[in-house]
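Q: here's my sequence, what's the structure:
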Amino acid sequence: MTLLEIARKAAVAIQGKATELGIAVTVCVIDANDQLTFLERMPGANALSLKVAPAKAHTSALLGMATTDLMPLIQPGQALFGLEAFGGGEFVTYGGGVPLMQDGKLIGGLGVSGGTLAQDTELAQIGLDALSR
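A: I've put the predicted structure just below:
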C-alpha cells in the first residue's frame, strides 16, 4: 500500500469517529522525508487545525514517535529539553501525532487536530488501528 493509500484509509476511519463525536478535524500525513502527502480538513474544522495537524505529523515523521510521548522528554534536564524551540517552533509535543510504520520502517507521520488533545490522540490511534485491518 502506498503512503497516500495509507493516509486515505486512516482519514476515513478518523473522520468517521470524529463525526460520531460531533467534532470536525483536520488530518495530515507527512512522509519520512518531511514532504506533505495528505491534508484534509473536515467542513467546520477550526482553521488553526490546518497548521497544527501538519506540525503533529511532521514531529512524528521526523522523530519516529507519538507526540503524546514527548511531554516527559522535553522537561528541564531531560533528553529533548528545548525541542519546541528548535526549528522555529515546528515541533509539537502534545497528543495527536503518531508515526507511520511499514515492515518495521518509519514511512511518515500522521497528525490530527481539531478536537481536544485527548480526542486528537484517540483519533490518531483510530487511524493507526484502521491500517492493521
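Q: only C-alpha atoms from now on, for both contacts and neighbour counts.
A: OK.
Q: list the contacts of the longest helix seen in the chain.
A: Criterion DSSP state H: the longest helix present in the chain is helix 3-21. Applying C-alpha atoms under 8 Å, 6 or more residues apart in numbering, the contact partners of helix 3-21 are 24-25, 27-29, 31, 37-38, 42, 107-108, 110, 123-124, 126-128, 130-131.
Q: ok, then the element right after it?
A: Next helix or strand after helix 3-21 toward the C-terminus (DSSP states H and E): strand 26-31.
Q: how far off centre is that next one?
A: Relative to its parent chain, strand 26-31 has a centroid offset of 6 Å by C-alpha atoms, centre = their mean, to the nearest Å.
Q: of the contacts of helix 3-21, grab the buried ones for PyMOL.
A: To isolate the buried members of the contacts of helix 3-21 in PyMOL, using 16 or more other C-alpha atoms under 10 Å:
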select buried, resi 24+25+27+28+29+31+37+38+107+108+110+123+124+126+127+128+130
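Q: in the sheet, who's paired with the residue nearest the centre of the chain?
A: When the chain is reduced to its mean C-alpha position, the nearest residue by C-alpha atoms, centre = their mean turns out to be residue 111, at 1.7 Å. Residues in a beta bridge with residue 111, per DSSP bridges, are residue 28, residue 97.
Q: the longest helix of the chain: how far from the chain's middle?
A: Worked out by C-alpha atoms, centre = their mean, helix 3-21 lies 12 Å from the chain centre.
Q: can you pull the buried residues of it?
A: 3, 6-8, 10-11, 13-15, 17-18.
Q: nearest to residue 93 among the residues you listed?
A: residue 14 (20.5 Å; C-alpha to C-alpha).
Q: and the gap between the closest one and residue 49?
A: Noted for residue 14: a distance of 14 Å to residue 49, by C-alpha to C-alpha, to the nearest Å.
Q: can I get the buried residues of helix 3-21 in TSV with distance to residue 77 and pLDDT?
A: Shown next, in TSV, are these (distance: C-alpha to C-alpha, whole Å; pLDDT from 0 to 100):
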residue	distance to residue 77	pLDDT
3	36	96
6	37	96
7	36	97
8	39	98
10	36	98
11	37	98
13	38	98
14	36	98
15	38	98
17	38	98
18	37	98
